[in-house]
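> just the structure for this:
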Amino acid sequence: MFSNPFVRTIIFSRVLLQLGIWIRNYAVLLYVTDLTKNNPVYVSLISVAEFAPIFLFGLIGGTFADRWLPKRTMVWSDLLSCLSVVAVLLAVMNGGWAALLIGSFISASLSQFSQPSAMKLYKRHVPMEQLQSVMGVSQTLIAVFMVLGPVIGTFIFMRFGISISLILTAVLFLGSSLILSSLPRDEEEPKSGDAGGFLQELMAGLRYIRQNQALRTLSVTFAAVGLASGLTQPLQIFLVMEKLGQDKPFLQWLMMANGAAMLAGGVVIMGIAKKAKPQLMLLTGLLISAVCTIGIGASTMIWLTMVLLVISGLVYPCIQGGIQSLMVRNTEGAFIGRVSGAITPVFMGMMVAGMFISGYMKDTLSLLTVYAGSGGLIIAGAISLLPLIVEKRSAVEKSSAS
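Residues are numbered from 1 along each chain as shown. Just a heads-up that it's a prediction; the model follows:
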């Protein structure tokens, strides 16, 4: 798999990009909290600046990714991210700390153009039998930085301050751009039949998803899992205090156990990806995750909660890798940008909706009820996959008979 120059180059560039993003995110968070004396309004604005572009530019970026050459799009996105960080650094040096929020917003927006382009290159240049392994690597990379990113970002800011953090971020973004520039030259790809103006192509992408049963099914599954994740994510601190009887700092140990398990799960997925069917891998991951979620909400024993979090972390790459593999496999190359740009925000949108109502549900009902509801939503997402699994099995049986 790593002998493929496209896989090797894109993964290496994503390592630099992820490192830059985590350093920037924690530098901005810690700098703003210090400057505003932990003002929750400004802290929440940081999250808005980082997540809002996913809703605002996901489908737009995916549509442009289908119109533009993917290598060029990725190179320019990372280069412009570098320049935006340099501009923010100059503003901060002159006392304009609010530019940090604007810079984070711009950089996160550019990512919505770069990520679908990477999916296009994978679709075009990675053999189908290796595709699932590549998705496993991508999920492993995310898991690694979920564990190490906060530690690295916090250390660099505390040791060197905001200016060095931003300079290092800019250098990493520039390095990612330079590495991507070494990819072979883009090849022109036939346009979709609805090629025309931007709005026509955007609407053609939505029609394509609506007419494709596999993509409709994945959208429903993604929505259910996103809502389930949003319901429990803000309540983890209450789990520590109310269920386990521990202080707030104990949460970091739960997060580290879960993140380390995600890393191990990603490594396992890379090993079995060629043999495993993505739809069955996704279904298994969802069902195990649902049981673990309900169990975590009910557990009052530290060791049991830890075990369930580890199991949940191990199967998380099955869920994300399975969804990504099915999405790429069931999408024509000319539409991959729009499909990726439309389906991914579904998860984020439902997650934010879940986060918005989780506190109210916890106060109205109970912590266990919210976790049980989250597990139920994951089971619903798994059930929604059954038509897709049945269809795949029928297609295999027909091909074997013929």
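
> just checking, what packs against the lengthiest helix in the chain?
Once the chain is assigned using DSSP state H, the helix that runs over the most residues is helix 128-180. Judged by 3 or more CB pairs under 8 Å, 6 or more residues apart in numbering; DSSP states H and E, helix 128-180 is in contact with helix 5-36, helix 70-93, helix 99-125, helix 251-272, helix 302-329. (Glycine included, C-beta is placed from N, CA and C.)

> compute the inter-axis angle for that helix and helix 99-125.
For helix 128-180 against helix 99-125, the angle by axes from the mean of the first three to the mean of the last three CA atoms, to 10 degrees is 140 degrees.

> now helix 128-180 against helix 302-329, angle please.
Going by the same axes, to 10 degrees, helix 128-180 makes 90 degrees with helix 302-329.

> next, count neighbours for G197.
9 (other CB atoms under 10 Å).

> what does V307 give?
16.

> from L314, how far out is it?
11 Å (CB to CB, to the nearest Å).

> give me the common contacts of these two.
Both V307 and L314 lack any common contact, where contact means CB atoms under 8 Å, 6 or more residues apart in numbering.

> next, format the helices and strands packed on helix 128-180 as TSV and append distance to M158 and mean pLDDT.
Converted to TSV, the helices and strands packed on helix 128-180 look like this (distance: least, CB to CB, whole Å; pLDDT from 0 to 100):
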stretch	distance to M158	mean pLDDT
helix 5-36	8	88
helix 70-93	17	90
helix 99-125	17	84
helix 251-272	16	79
helix 302-329	27	87
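
> now these in a markdown table, with distance to V137?
Output for the helices and strands packed on helix 128-180, formatted as a markdown table (distance: least, CB to CB, whole Å):
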| stretch | distance to V137 |
| --- | --- |
| helix 5-36 | 6 |
| helix 70-93 | 17 |
| helix 99-125 | 11 |
| helix 251-272 | 6 |
| helix 302-329 | 9 |
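
> and of those helices, who's closest to I152?
helix 5-36 (6.3 Å; CB to CB).

> any idea which helix or strand comes after that closest one?
helix 40-67 (DSSP states H and E).

> relative to the whole chain's centre, how far out is that following helix?
13 Å (CA atoms, centre = their mean, to the nearest Å).

> what's the mean pLDDT across it?
Averaged across helix 40-67, the pLDDT comes to 73.

> counting contacts, what elements does that helix pack onto?
In terms of contacts (3+ CB pairs under 8 Å, 6+ apart), helix 40-67 is packed against helix 5-36, helix 99-125, helix 198-211, helix 336-364.

> who's in contact with L206?
Counting by CB under 8 Å, 6+ apart, L206 makes contact with L59, R338, A342.

> please redo it, this time with the cut-off set to 10 Å
L206 sits next to L59, T63, R338, V339, A342 when contact means CB atoms under 10 Å, 6 or more residues apart in numbering.

> next one: L29
Y42, V43, I46, S47, E50, L100, S104, P150, G153, T154, F157.

> the last one contacts V151, doesn't it?
It refers to F157. No - F157 is beyond contact range of V151, at 11.3 Å (criterion: CB atoms under 10 Å).

> shared neighbours of those two, anything?
Y26.

> who's more crowded, these two?
Neighbours around F157 and V151, counted as other CB under 10 Å, are more numerous at F157. The numbers are 22 against 12.

> and V144, which of the helices and strands packed on helix 40-67 is closest to it?
Of those, nearest to V144 by CB to CB is helix 5-36, at 8.2 Å.

> angle of the closest one against helix 40-67?
Angle between the axes of helix 5-36 and helix 40-67 is 160 degrees (criterion: the same axes, to 10 degrees).

> follow-up on the earlier one: dump the helices and strands packed on helix 40-67 into a markdown table; add distance to I378 as well.
Shown next, in a markdown table, are the helices and strands packed on helix 40-67 (distance: least, CB to CB, whole Å):
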| stretch | distance to I378 |
| --- | --- |
| helix 5-36 | 26 |
| helix 99-125 | 25 |
| helix 198-211 | 22 |
| helix 336-364 | 12 |
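
> most packed of the ones you listed?
Burial of those is given as mean neighbour count (mean count of other CB atoms under 10 Å); helix 99-125 ranks first at a mean of 22.

> what packs against that one?
helix 5-36, helix 40-67, helix 70-93, helix 128-180, helix 302-329, helix 336-364 (3 or more CB pairs under 10 Å, 6 or more residues apart in numbering; DSSP states H and E).

> out of these, nearest to L227?
helix 336-364 (4.2 Å).

> which strands and helices lie in contact with the closest one?
Checking 3+ CB pairs under 10 Å, 6+ apart, helix 336-364 ends up next to helix 40-67, helix 70-93, helix 99-125, helix 198-211, helix 213-232, helix 236-238, helix 302-329, helix 367-383.

> so who does A99 touch?
If you count contacts by CB under 10 Å, 6+ apart, A99 has them with S84, A87, V88, L89, L90, A91, V92, I106.

> lovely, talk soon.
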